[in-house]
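*Asks:* next one to model:
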Amino acid sequence: MAALQAWISEGPARLDVVAPLRARACDALNAVRRAGSRRARPDVPLMAKGAERC
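*Replies:* Take a look at the predicted model:
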C-alpha cells in the first residue's frame, strides 16, 4: 500500500509532462476528424438509396 501512496503523491508532477502530450494528441485527433469530412468527393457517383448492389 505504501508504494501506491508514493505513486499517487507523484501524480501532480507528472501532469506537467502528460498535459502537453495530451494536448498534442487531441489536436492531432481533431485535425484527422476535420480532414475526414473533406475527403468525400462530390464528383464520385454514389448509388441511390435502396438500389441493388449485385
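*Asks:* in what helix or strand does residue 24 lie?
*Replies:* Per DSSP states H and E: residue 24 is located in helix 11-38.
*Asks:* same question for residue 52.
*Replies:* If you go by DSSP H and E, residue 52 is not part of any helix or strand.
*Asks:* any idea how many residues pack against it?
*Replies:* Residues lying near residue 52 (other Cβ atoms under 10 Å) number 5. For glycine as for every other residue, the C-beta is placed from the backbone atoms N, C-alpha and C.
*Asks:* repeat for residue 33
*Replies:* 9.
*Asks:* please shift the residue numbers so they start at 39 in all later answers.
*Replies:* Done: numbering now begins at 39, and the last item shifts to residue 71.
*Asks:* what about it, distance to residue 52?
*Replies:* For residue 71, the distance to residue 52 (Cβ to Cβ, to the nearest Å) stands at 28 Å.
*Asks:* and the average pLDDT for the helix holding residue 62 is what?
*Replies:* Regarding helix 49-76, the rounded mean pLDDT is 81.
*Asks:* avg pLDDT for stretch 85-92?
*Replies:* In this model, stretch 85-92 carries a mean pLDDT of 68.
*Asks:* dump the residue contacts of residue 53.
*Replies:* Listed by Cβ atoms under 8 Å, 6 or more residues apart in numbering, residue 53 has no contact partners.
*Asks:* recalculate using a threshold of 10 Å.
*Replies:* Counting by Cβ atoms under 10 Å, 6 or more residues apart in numbering, residue 53 touches residue 60.
*Asks:* next: the one 10 residues further on.
*Replies:* The contact partners of residue 63, by Cβ under 10 Å, 6+ apart, come to none.
*Asks:* roughly how far apart are it and residue 52?
*Replies:* Residue 63 sits 16 Å away from residue 52, going by Cβ to Cβ.
*Asks:* flag every buried residue along the helix holding residue 62.
*Replies:* Buried residues in helix 49-76, counted by 16 or more other Cβ atoms under 10 Å: none are found.
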